[in-house]
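Enquirer: kindly generate the corresponding structure for this input.
(chains A and B)
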Amino acid sequence: MNRADLEAMAQREQQRQQAFGCRILCCASTPCLSSGGQAVYDAINAVISEGGWEAEVQAVATGCMGPCSHGPMVTVQRPGEEDVVYERVTSDVARALVAAHAGKAAAVAPVEHVMPASAPFFAKQQKVVLANSGLIDPEKLEDYVARGGYRALAYALREMTPEEVCKEIIASGLRGRGGAGFPTGLKWDMVRKEHSDKKYVVANGDEGDPGAYMDRSLMESDPHRILEGMAIAGYAVGADQGFLYVRGEYPVAAKRLERAIRAAERRGLLGSRVLESGFNFRIDVRIGAGAFVCGEETALMASIMGHRGQPVPRPPYPAQSGLWGKPTLINNVETYGSIAPIVENGAAWFAEIGTAKSKGTKIFALAGKVATTGLIEVPMGISLREIVYDIGGGIPDGLAFKAAQTGGPSGGCIPAAHLDTPVDYESLKALGSIMGSGGMIIMDEHSCMVDVAKFFMEFCMDESCGKCVPCRVGTVQMHRILERITDGSATPQDLATLQELCMMVKETSLCGLGQSAPNPVLSTIRYFAEEYTAHIADHHCPAGVCTLEKQPVGEWVTA
Amino acid sequence: MNTLTIDGRAVHFKPGATVLETALAHGIDIPRLCYHPALSPSGGCRLCLVEIEGRPNPAPSCGLACAEGMVIQTQSEQLTTIRRDLIDLFVSEHPLNCATCDKNGACELQHYAYEYGIGQTSYDFEVSRTLFQDDNPFFVRDHQYCILCGRCTRVCDEVVGRNAIDYAGRGFDSHIATPFDGIMLDSSCVFCGSCVQVCPTAALVPKTQHGRGREWEFQRKRTICGYCGVGCGIEYMVKGHEIVYARGYPEAPANGEFLCVKGRSGWDFVSSPDRLTQPLVRRDLAYKLGITAEPWTLPATSPLKARKPEEYFVPVSWEQALQIVADELAKVVSAHGGDAVAGLSSARCTNEENYLFQKLFRAGIGTNNVDHCARLCHASTVTGLGMAFGSGAMTNSIQGIRDAHCVLITGSNTAESHPVISYEVVRAVKKGASLVIIDPRRVPLVDHATLWLQPMPGTDIYVFLAMAHVIQREGWGDAAFIAARTEGFADYVASLEVYTPEVAALHSGVPAEKIELAARVYALGQKANEIGDWRLEIDPSAQSRNLTISQSHNHSISRGPACILYAMGITQRTNGTDLVLSLANLALLTGQIGKHATGINPLRGQSNVQGACDLGALPNVLPGYQPVTDAAKRQAVAAGWGLDDLPPHNGLTVVEMMHAAVEKHLRAMYIMGENPMLSDPNITHVEEGLRALDFLVVQDIFLSESAQLAHVVLPAAASLEKDGTFTNTERRVQHLHPIVPPPGEALPDWQITGAIGERLDAALGRPAGQVRWRFRSTAEIATEAAAVTPIYAGILHHRLGDGGLVWPCPSPEHPGTPILHTERFSRGLGKFHAVQANLPAEQPDPEFPLILSTGRVLYHYHTGTMSRRSVGLDWREPRGYVEVNPADAAAINLRDGGPVVIHSRRGQVRTQARFSDRVQPGVVFLSFHWKEAPANLLTHDFGLDPLAKIPEYKVSAVRLENPSRRE
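Expert: Numbers count the residues shown, from 1 in each chain, chains lettered A, B, ... in the order given. You can find the predicted model right below:
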């Protein structure tokens, strides 16, 4: 396949889709499937075949549409009309809406299930990476191509040198979406400049933060976007082999990616002589085995090479010596998801989105105590307040916002006082949290911050690989102190020890897991110190979560 | 250039060195627990953190590369606080019960706990790992003391190449484990104990040390290992007169600090109840001589007891025994001449003892009938490399192997027969070298091989010739080297014409393109990642190219160092000399010789087989490979011994001696430390020969199968009980020191041989003192040997030190020669020899359709006299077995582990079948260690190599029988 064939394929598919009077898109992502999405999809298909409307009405199983807590979601597309989005669709609702929109029967559309397009949940979002999410069938290459897929790759291969691609990415200001925010283009250029007979491109899909599922949704909803991004990266850095490392708990994502790779290879969009150029690029999926630490890049590479997933000291950085000692480019899957739009629309377009130092959009998995939880993509620099109150619809049950936890076990908590902070790399860091990979958990006043810190510490303790002593033993000791604080047996000395330990573990751990493990504790101490003292000195949990059934041992007695 | 500042001191660093290495090299100590100089940095203990000017956070110095102008601070208040906290964390899960700990005083964690004043943890103490793993006789793993530094897993991966252990579990539950948390025996562990060697705490302790004392209670004594020819330096920890445990030490030149299972754990045979402690005389001879003695008793624990050797021997005094030997030998010499006596010297005795032994035969008895087991292992090397280069020994050093870009191993099961050399190969591979193995058997190192060529046994000669053909055809040879340093090239090239890779493929079964690839990888010394595509892009017209024309002067070829290692698979063959020559030709053709990390490296099998050859325990050469037929050299040696001349004609070789004994040309034999009743081919014939002798004296440490046939048995000291020198496979002469005293009345061999010489002179009526037999020390013998042995002229005991000396060492000031043939070959020019491909003497046929190969297993050594009396070694491999391919086994319905009878034209052996894909269909493998299943009942003693007279142990035609189907 060459560029002309690609255009032809896109047009063919567009015409085919337009021939339908009505397209009914059903979300087939994990959240909607778990709330009955499969039954809805089956019901829609049943109605279509009962009515004999196959020629006019098409049912499509798509990826994520966003408001996951409102699922199963269904979108109805009619040529020349605005899309109609339905929430909380059941089989009965589905039957009704098909009948109504197909226009064959005098059925009334179930308007009470319509989620208006003007709802703030949609209005405040800006979809760049998720542009196709929920609109295409992730298992159909044609759907992706019809929406301009692989055009960026074809353009880069034909019109740009590898150096120009790197320059374009640098100019776009794109930064790593895995959380650390390293400028992506610079990393690409470093790998490009390395001299080696073999280079590798790796996509990190080992998303492990509790409550975060951005990468999973992206991989499930739009797998070709990631492949295209990786292929452009391979061309830019001079690699001919890519690895996509998918978390073992994401079987649907892995399956869809593997199918996507096969489909792309069959059409000459991956594999040998991509798009009839001289560029070869193979991608293989590697599936993790349940270790959180494998999201750390050196551990991830060890795992790909068949070793135990344990980090090794950096430098040397993967860009110099990665997989099998060869220069290796490793980025998060969301980062690769941003590549095609940048190449297609230009760096300047991308750089206009966001703030001075944080460009583009970021996907968050909005979770916790908000009215609408789900997957959102927002421009960098949007305020936390807009996310919580506009997109999320505020805190339910009339309760007050207490904190937003970002960055998972490596991040921190942002209190209500900072609700108007713009969400970008630097601002979050200044608040003691991090952007992280995109987990965002909203907490109301019923959350105990010590308990939250303990939860994340337990997570790190369990997930420590055991290699370096600060992380392996330090997390255990920190967790033990937090346990004492929450069960009432802690002394003021414990709090001092906890803080000391936090600093030591942060400074001396081998990899990011240990270095950031104390962050939830440090940030909750920073903003909610009074909760800690209430537990220790007053033997009282302000949120009413902790039981505090024990007493401190030893000479220290409550006053 | 290349300077950085550490603690205010400007220090020089080697490019590529880390800050920690540089600091340690300059005597600046940085605390560290997971770092080990022989292993890659791990960065897990975090103790070696240092402050770097201009960086906000401290960084571990073990993984920090030195950079120009870097400013490093290794000590500061902040660092001390961090280190204290880290040690505090370590001891929060490591019991500080030092008073009852075996490692007390040698524990590195204890050292730092002391230094940083951590008497107990300030955190909550909890041991996460409590398993006490005691599943093997070599070492115990006590998990509560493990600090997860990972040194053991890295040494197993990076040095030993076995990957038997790694981390398992996560976080606080992490622990070191074999796959699926199984027992060591079920893993790929080879029990070399390198993990024990590097363990900083008491997590891994040798079983023999457990509960037997702390470090300061032991005397440390160093000597050279008495097993294979690597010549590892070993440090024995001795309490009283007993060895507690053994370990390596980093200054040892051959092995660094790593050892194999035999070296580290196989020393307990010295205190076996079976040891010979007094001279014995056969009962019938004693009766004839009128000797009455108390009956001999063996300790009740001796396994020999069941066979009642007491009934055959009576104990006598040394005086009586020596007199009998002298009288009986004199009787034969007087009646039949000196040539009716023959001696087998020992590759396990010291240089001094071998020197004295051959002197006894040449100067005392008057014959050149002295040989030893080198005849059975590397005789073809001595002849072949002698013809090609002028010197029949390993050309390069062991530690040079790790720098090679390509290692070609053929006919050597290095990982089992020379384990410590396989560590060097593994290190080379880990550094990116390609490993090419040409072997019919899937030897363990194949796991690390880049390329494995599997010819049918006996056909490898075609592969070597075809490799030379390809190298010549493609112009990969080193034309400048050939022109300047060699001769005989034209004839050689002409002889290669017919040996195309296609012809070789037809005979050997190795695909032609694999041969072509191997040729390129070796000739150009390509690293594994330089090989590129498996399929060679060779111009198809090349096959018709004229070999002599394509000798292009291709100076643009970039060539990395490549070395060849080989052993018995090459030499123990009817055409052993031809095979050695064909390997030598490859090196000459490509110039892969005379430089660091190149060369032809025959791996010698026994601790001092090199030295025994060097010092003339061979029937055709005097000490220093001076031919007995060269009158001038012979007379010079004779003059050194106070004589006018020595016997001028070549003596009998080992196998010829047995033939001569049967035919009664040979009447008496003196065997020192050899066991031909297991080690020689066709042992039915050997037994016939030994029984036919008028007089047989055997000097050994155990009552071996051969000693049981002797008239007089003399108890000798083991290598751990005496001093002297061994010459290892890389020609390094190293000093032995006594570790424990010999048992009972046993004496060092040199004292026995000297005393026999003295009495023999008297019995033959020669003037006493004309030839010197009496020496006060081995140093005196070495001095005399140096005077008559040009290559050893500078090898004197006081010069040896810890590192030894590598011969040739022609003068007392000479520093030794680790790499041979650097400027010129020992014979002047390297000589190409045209070699024709010949097949083995015995071919399989319908009656005996399978090929039997013999060799060693890791846990045993030679005829098992030592290793089978070691508790651990015997536990790991207690019984003999034959490796059978499942396809062959299925044909006669064998059961894995079930009985099988192997028949050859010489005899039959019953043993256990072990199904294995190490052997290809049509081939079986039986090691020769087992007296219950003696492989050499099956091997043949005809078709010796015409030049080297070596028998063909590697190819015998056999048939398998399933005994359960006999009826």
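
Enquirer: close to chain B, is stretch A:497-516?
Expert: Yes. Counting by Cβ under 8 Å from any Cβ of the partner chain, chain B has neighbours in stretch A:497-516: A:497, A:500-501, A:504, A:507-510. In this view, the C-beta of every residue, glycine as well, is placed from N, C-alpha and C.

Enquirer: show me chain A divided up by domain.
Expert: A:18-119, A:149-350, A:361-444, A:450-537 (automatic domain parsing).

Enquirer: would you turn those domains into JSON lines with mean neighbour count, mean pLDDT and distance to B:F702?
Expert: Converted to JSON lines, these look like this (neighbours: other Cβ atoms under 10 Å in any protein chain shown; pLDDT from 0 to 100; distance: least, Cβ to Cβ, whole Å):
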{"stretch": "domain A:18-119", "mean neighbour count": "19", "mean pLDDT": "88", "distance to B:F702": "72"}
{"stretch": "domain A:149-350", "mean neighbour count": "22", "mean pLDDT": "94", "distance to B:F702": "46"}
{"stretch": "domain A:361-444", "mean neighbour count": "22", "mean pLDDT": "93", "distance to B:F702": "65"}
{"stretch": "domain A:450-537", "mean neighbour count": "22", "mean pLDDT": "94", "distance to B:F702": "48"}
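
Enquirer: so which of the residues of stretch A:497-516 next to chain B are in helices?
Expert: Counting by DSSP state H, the members of the residues of stretch A:497-516 next to chain B that fall within helices are A:497, A:500-501, A:504, A:507-508.

Enquirer: and the residue of chain A closest to chain B?
Expert: In chain A, the residue that lies nearest chain B is A:G466 (2.5 Å; Cβ to the nearest Cβ).

Enquirer: wait, what's in contact with that residue?
Expert: A:G466 sits next to A:310, A:472, B:148, B:167, B:169-174 when contact means Cβ atoms under 8 Å, 6 or more residues apart in numbering or on different chains.

Enquirer: gap between the residue lying closest to B:F928 once chain neighbours are set aside and B:G266?
Expert: Here the nearest residue to B:F928 in space, its sequence neighbours aside, is B:A935; by Cβ to Cβ, 6 or more residues apart in numbering or on different chains that works out to 4.1 Å. Going from B:A935 to B:G266 by Cβ to Cβ, to the nearest Å gives 21 Å.

Enquirer: kindly report the same for B:A890.
Expert: For B:A890, the distance to B:G266 under the criterion Cβ to Cβ works out to 36 Å.

Enquirer: who has more neighbours, the two?
Expert: Neighbours per residue, other Cβ atoms under 10 Å in any protein chain shown: of B:A890 and B:G266, the larger number sits with B:G266, 27 against 12.

Enquirer: which ones are touching the residue nearest the centre of chain A?
Expert: Taking Cα atoms, centre = their mean, the centroid of chain A lies closest to A:M214, which sits 2.2 Å from it. With contacts defined as Cβ under 8 Å, 6+ apart, A:M214 is in contact with A:207, A:334, A:363-365, A:375, A:437-439.

Enquirer: repeat that for B:P738.
Expert: With contact set as Cβ under 8 Å, 6+ apart, B:P738 has these partners: B:221, B:223, B:720-723.

Enquirer: taking those residues, tell me the two that lie furthest apart.
Expert: Set against one another by Cβ to Cβ, those have their most distant pair in B:K221 and B:K722, with a gap of 12.7 Å.

Enquirer: ok, these two, which is more surrounded?
Expert: In this view B:K221 and B:K722 are compared by other Cβ under 10 Å, and B:K722 has more residues nearby, 26 against 17.

Enquirer: distance check, the residue nearest to the centre of chain A against A:A180.
Expert: For A:M214, the distance to A:A180 (Cβ to Cβ) stands at 16 Å.

Enquirer: same check on B:S870?
Expert: 56 Å.

Enquirer: again, but for B:H26
Expert: Where A:A180 is concerned, B:H26 sits at a distance of 36 Å (Cβ to Cβ).

Enquirer: in contact with the closest residue to chain A within chain B, which residues?
Expert: Closest approach of chain B to chain A (Cβ to the nearest Cβ) occurs at B:S174, with a separation of 2.5 Å. Under the criterion of Cβ under 8 Å, 6+ apart, the contact partners of B:S174 comprise A:464-467, A:472, B:148, B:167-168.

Enquirer: helices - which of the residues you listed land there?
Expert: In this view, these that belong to helices under DSSP H are A:R472.

Enquirer: and the contacts of B:S174 as a markdown table, adding distance to B:Q110?
Expert: What follows is the contacts of B:S174, written out as a markdown table (distance: Cβ to Cβ, whole Å):
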| residue | distance to B:Q110 |
| --- | --- |
| A:S464 | 25 |
| A:C465 | 26 |
| A:G466 | 22 |
| A:K467 | 22 |
| A:R472 | 20 |
| B:L148 | 17 |
| B:Y167 | 23 |
| B:A168 | 26 |
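
Enquirer: out of the contacts of B:S174, which one sits closest to B:L960?
Expert: Distance to B:L960, by Cβ to Cβ, is smallest for B:A168 among these, at 41.3 Å.

Enquirer: correct me, but the closest one touches B:A177?
Expert: Yes. Contact between B:A168 and B:A177 holds when scored by Cβ atoms under 8 Å: they sit 3.9 Å apart.

Enquirer: name the element the closest residue to A:G432 other than its chain neighbours belongs to?
Expert: The shortest distance from A:G432 to any residue that is not its chain neighbour, by Cβ to Cβ, 6+ apart, is 4.2 Å, and that residue is A:S523. Assigned by DSSP states H and E, A:S523 belongs to helix A:519-536.

Enquirer: and that helix, what does it pack against?
Expert: For helix A:519-536, the elements it packs on are strand A:401-406, strand A:412-415, helix A:449-463, helix A:469-487, helix A:492-508, judged by 3 or more Cβ pairs under 8 Å, 6 or more residues apart in numbering or on different chains; DSSP states H and E.

Enquirer: which among the contacts of B:S174 gets closest to B:V230?
Expert: With Cβ to Cβ as the yardstick, the closest approach to B:V230 among the contacts of B:S174 comes from B:Y167, at 31.0 Å.

Enquirer: and that closest one, what does it touch?
Expert: In this structure, B:Y167 makes contact with A:308, A:310, A:465-467, B:148, B:150, B:153, B:174-177, judged by Cβ under 8 Å, 6+ apart.

Enquirer: at 6 Å instead, please
Expert: If you count contacts by Cβ atoms under 6 Å, 6 or more residues apart in numbering or on different chains, B:Y167 has them with A:308, B:174.

Enquirer: also B:L109?
Expert: Applying Cβ under 6 Å, 6+ apart as the definition, the contact partners of B:L109 turn out to be B:T201.

Enquirer: now with 7 Å?
Expert: B:33, B:90, B:94, B:147, B:200-201 (Cβ atoms under 7 Å, 6 or more residues apart in numbering or on different chains).

Enquirer: who in the stretch 1-150 of chain A is up against chain B?
Expert: Residues of the stretch 1-150 of chain A lying close to chain B (Cβ under 7 Å from any Cβ of the partner chain): none.

Enquirer: what's the neighbour count on A:A4?
Expert: In terms of burial, A:A4 registers 10 neighbours under the definition other Cβ under 10 Å.

Enquirer: distance from the host helix or strand of A:E7 to the middle of the chain?
Expert: When elements are defined using DSSP H and E, A:E7 is found to belong to helix A:3-18. Centroid separation for helix A:3-18 versus its chain: 30 Å, with Cα atoms, centre = their mean, to the nearest Å.

Enquirer: for it, name the packing helices and strands.
Expert: Secondary-structure packing of helix A:3-18 (3 or more Cβ pairs under 7 Å, 6 or more residues apart in numbering or on different chains; DSSP states H and E): helix A:141-146, helix A:151-159.
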